[in-house]
Structure formats: structure tokens, C-alpha cells
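> would you be able to build a 3D model of this:
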Amino acid sequence: MSLEVIDVSGLATIQDAGRKGWKRFGVPMSGPMDAFAFHAANTLVGNPAECATIEIGLGDVIFQAMQDCIIAVVGAGYKLSVYVWDFSLWSSFFVRAGWKISFNKTEDGMWVYLAVSGGVQTQPVLGSRSTYLRGGFGGFKGRRLQAGDVIKTGNSLHLGSELAARTFPEEKQPTYTQSPTIDVIMGPQTKYFTDESVETFLSSEYSVSLTSDRMGYRLEGPALIYCNNTELISEGMTVGAIQIPSNGQPIVMMADCPTTGGYPKIATVASADLPLLAQCMPNKSRIRFRETAVATAQKKYRALMSGSDKIVEE
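Numbering: from 1, shown residues only. Coordinates of the predicted model:
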């Protein structure tokens, strides 16, 4: 089975669960910006959790099904239409050959995931189908999707009604908002900042810069000041780490973040809240940070993921 890209004005790439085990060689994980939405999309069409999907953001995209298929679309910030009908996100649908699948950008989020039963099939690179745009590898020829591309998908074991018209319960979805309060674990270099800057970080409002991308969300707000001009030796980096460069404006590391970095890190976003941050829109969202404990963050993440495979048959 396959999908053809008819038109694309946004950013569409192929992403699976991520390229694991290669950070020590300087290769980022990549993978989805909103890992929860990615996982829910695969769940709705009966795919294993690691199956590749199409991640869509920043603009409109139109596909055409070349064979009958079952799809699911999950995330925020898009209006979905299939053939002549409009549909809600967080559901699965039967699509006939020749029907168009249209994604139109709205103002209430950033990313959606198009999962096809059987999974998107491209040649794995270093054990993953995820696209790493800066490296030019993975996904579809190492690049964003373009009009005319034909994306092959696997053969679904269940092409009948059992996978279509399923929905993901609203109460199990993250509470997406354009004014979230994001839980963070302070450190590892909080002591490198003045007490006033730490207080400012936890009490101020930040917006997402237009210069943000899949590597990092650059935030704009009150500048954070170092205690002195201390320089760090580059050290390991993780998704969610909040670096503070010399201009004092935070940068939150996202899916394509580098594997090392030398700026002091004031805090790290709790994993359960990374989807909330990922769906924040540049120049619109207003973000606040709240300190939490490791045990509390772990409990919150377990509660979120415990409902990630729940669906409702219709």
C-alpha cells in the first residue's frame, strides 16, 4: 500500500520511536516531537508502538491514498478532512483508494501524526526510520516530504471494520493549551545562576520564538544571569534539558537536540509535560515553569502512559 503526497506547504517528515543507542557517536535520537500523540496514533491502527508515522507541522499537507487503508490522525493544531468529510482528530478511519486526506493548519497546536495500519515503510538507517534533517538521513531520502513523493506502507493484518472508527478517550489525552504550566526538575547547573535568576525562571512568563525548530524551542522572556562567567566543558544532553546561553534566553532541547552541549542547564522538563510544550505555537503561546520532584514527575509520567493504549470502539 502507499500514499502519494499531493501538496505540502508545511513540514512533513517520517518519524518512528527514535534512533536509540547512537548518542555516544554524536547521532541524535530524532523521533516524534509529541511522543504521546505518536504512540496513540499507532495504537488506534493496531501498530506496534515503534512503527513509523508521518509527522506534520507548520502548514497544510494533502495526501492521496493509492490503495484502501486504515489511518489514524492524532495531535493538535490541524483540521482533518477525508474525501468530502471533516473528521475529528484522535480517531481512526477507513480510506478508499483515490480519496484525498487533507490537513489544514489551525491556531491551537503544532503537530499531528498520520499513522497507517501496517506502518510507514522506508529503509532504516542506524536501526530507525526517523528523519534527521540536519544530517540528511533517515525517513524519505533524508529530507522533508515533497509533492510527488510516494510513501510505501506495510500490509495491514486487519483492513476490516475492527480498526476503523475507533477513538482515543478525551479524558486520556494530554490537556493541550497555549498557556501551559510546565513541570521541571531543577538542575544540573542551577548553582551557576543567581538566586534572583532562579526565582525569575520559576515566576515569569515565556513565549516560543519564531526561530524554534525540531532541535530546540528558543524561548523569549526575562534574561537569566550567571553568577560569574563560568564556562562548561561540553557534556551529555537529553531531550527536555533547558540550556541558558550567554544572552540569558532559555533553549529547551527537543527531538533533534544535539548529543552534547556546553551551556549551563538550569532545569529539565518533566517527560510527561514534553507533549504540552511541543504543541506550543511560536509567537502565541505563554509558558510558565513549575518546580517538581523526580518522584512526582515519574508518577505523573506513569499515569499519563498508563492510558496511552486505551481506545473506544464506535
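> show me the contacts for Val27.
Val27 sits next to 19, 126, 132, 135, 259 when contact means CB atoms under 8 Å, 6 or more residues apart in numbering. The C-beta positions use only the backbone N, C-alpha and C, and glycine is treated the same way.
> and if you look at Gly10?
Gly10 sits next to 56-61, 103, 105 when contact means CB under 8 Å, 6+ apart.
> please repeat the previous calculation with a cut-off of 7 Å.
Gly10 makes contact with 56-61, 105, according to CB atoms under 7 Å, 6 or more residues apart in numbering.
> now swap in Gly262 and tell me
Counting by CB under 7 Å, 6+ apart, Gly262 has contacts 232-234.
> for those residues, give me CSV that also has distance to Arg288.
As requested, the contacts of Gly262 are exported to CSV (distance: CB to CB, whole Å):
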residue, distance to Arg288
Leu232, 26
Ile233, 32
Ser234, 30
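> which of these count as buried?
If you count burial by 16 or more other CB atoms under 10 Å, none of those comes out as buried.
> now, among those residues, which is nearest to Phe36?
Ser234 (30.4 Å; CB to CB).
> mind checking pLDDT for the closest one?
If you check Ser234, the pLDDT there is 90.
> what's the answer for His158, then?
With respect to pLDDT, His158 has a value of 59.
> ditto for Asn155
So, for Asn155, pLDDT stands at 77.
> how close does it sit to Gly119?
Per CB to CB, to the nearest Å, Asn155 is found 10 Å from Gly119.
> so for those two, which sits in the more crowded spot?
Remark: of Asn155 and Gly119, Gly119 carries more neighbours, 22 against 12, as counted by other CB atoms under 10 Å.
> where in the chain is the helix or strand with the lowest mean pLDDT?
strand 312-313 (a mean of 56; mean pLDDT, DSSP states H and E).
> what about the helices in the stretch 101-250 of the chain?
Ranges of helices within the stretch 101-250 of the chain are 195-203, based on DSSP state H, counting those that start in this stretch.
> show me where pLDDT drops low in the stretch 51-200 of the chain?
Along the stretch 51-200 of the chain, segments meeting pLDDT under 70 span 156-161.
> what ranges do the strands span in it?
Ranges of strands within the stretch 51-200 of the chain are 53-57, 61-65, 69-75, 78-82, 85-87, 91-95, 100-105, 111-116, 150-152, 166-167, 181-186, based on DSSP state E, counting those that start in this stretch.
> wait, which of these is closest to Asn42?
strand 111-116 (5.1 Å).
> gap between the nearest residue to Gln173 once chain neighbours are set aside and Ala272?
Here the nearest residue to Gln173 in space, its sequence neighbours aside, is Trp90; by CB to CB, 6 or more residues apart in numbering that works out to 6.4 Å. Plainly put, Trp90 is 18 Å away from Ala272 if you go by CB to CB.
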